[in-house]
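from the sequence below, what's the structure:
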Amino acid sequence: MSRIGNKPIAIPAGVDVKIDGTVVTVKGPKGELKNSFNAAMNIAIENNEIVVTRPSDNKEHRSLHGLTRTLIANMVEGVTNGYKKELEVNGVGYRAQKQGKDLVMNLGYSHQVIMPEVDGITIEVPNNNSIIISGPDKQKVGQFAAEVREKRPPEPYKGKGIKYVDEHIRRKEGKAAKGGKK
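Numbers count the residues shown, from 1 in each chain. Take a look at the predicted model:
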């Protein structure tokens, strides 16, 4: 049995959940999320909790059971508290700023890197070296943060680039100086 799939999801106060066949809509203080799930999974609301059950014990249903429950739990968590990814910009002359709805970054290229804000995501730049990406949809927040990081990933020698705040970069030693010419 799926340990994760069997856990019911508590519905917090202020969150409205509607189940229409395979489509689950979750409304809360941070926004509204709508997702469609596999028709084989049975999703129901019992005693102010969302319960996901599977019809059989075959491999596909076992895989989908925990996945469906986790995705719905992430939706509920997203509309209540939201998700946040913090990025750090390291390097001489590297900086980020917000111009209107766009994230404008100087990353050592001959041009500025401009990324427009996506629907359902907010970008904050508290200072030149940090970027905070937040929103109710865990997948969108993580994807956008990965796209920002991809513009200049951290390099292992000096650590220059964009990295997650909690990320550790394995550093390499530079070229070792030889004893001199003979």
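
look at the residue most central in space within the chain and report its pLDDT.
Within the chain, one residue has its C-alpha closest to the average C-alpha position: by Cα atoms, centre = their mean, that is residue 142, at 2.3 Å. Among the per-residue scores, residue 142 holds a pLDDT of 95.

burial measure for the residue nearest to it when sequence neighbours are not counted, as a count.
With sequence-adjacent residues excluded and distances taken as Cβ to Cβ, 6 or more residues apart in numbering, residue 142 is closest to residue 85, at 6.5 Å. Quick note: C-beta positions are derived from backbone N, CA and C, even for glycine. Look at residue 85: counted by other Cβ atoms under 10 Å, it has 22 neighbours.

how near is the residue nearest to the centre of the chain to residue 78?
Residue 142 is 11 Å from residue 78, where distance means Cβ to Cβ, to the nearest Å.

circling back: the residue nearest to residue 142 falls within a strand, correct?
Yes: per DSSP: H, G, I helix; E, B strand; the rest coil, residue 85 lies within a strand segment.

what's the mean pLDDT across stretch 72-79?
pLDDT averaged over stretch 72-79 gives 94.

contacting residues around that stretch?
Stretch 72-79 is touched from outside by 9, 11-12, 15, 17, 24, 26-33, 35, 37, 43, 50, 52, 83, 135-138, with contacts defined as Cβ atoms under 8 Å, 6 or more residues apart in numbering.

right, and the residue nearest to residue 142 touches residue 163 too?
No: the criterion here is Cβ atoms under 8 Å, and residue 85 misses it with residue 163 at 11.3 Å.

and the worst-scoring helix or strand of the chain on mean pLDDT, how far out from the chain's middle?
Ranked by mean pLDDT, DSSP states H and E, the weakest helix or strand in the chain is helix 3-6, scoring a mean of 84. Between the mean C-alpha location of helix 3-6 and the chain-wide mean there is a distance of 22 Å, by Cα atoms, centre = their mean, to the nearest Å.
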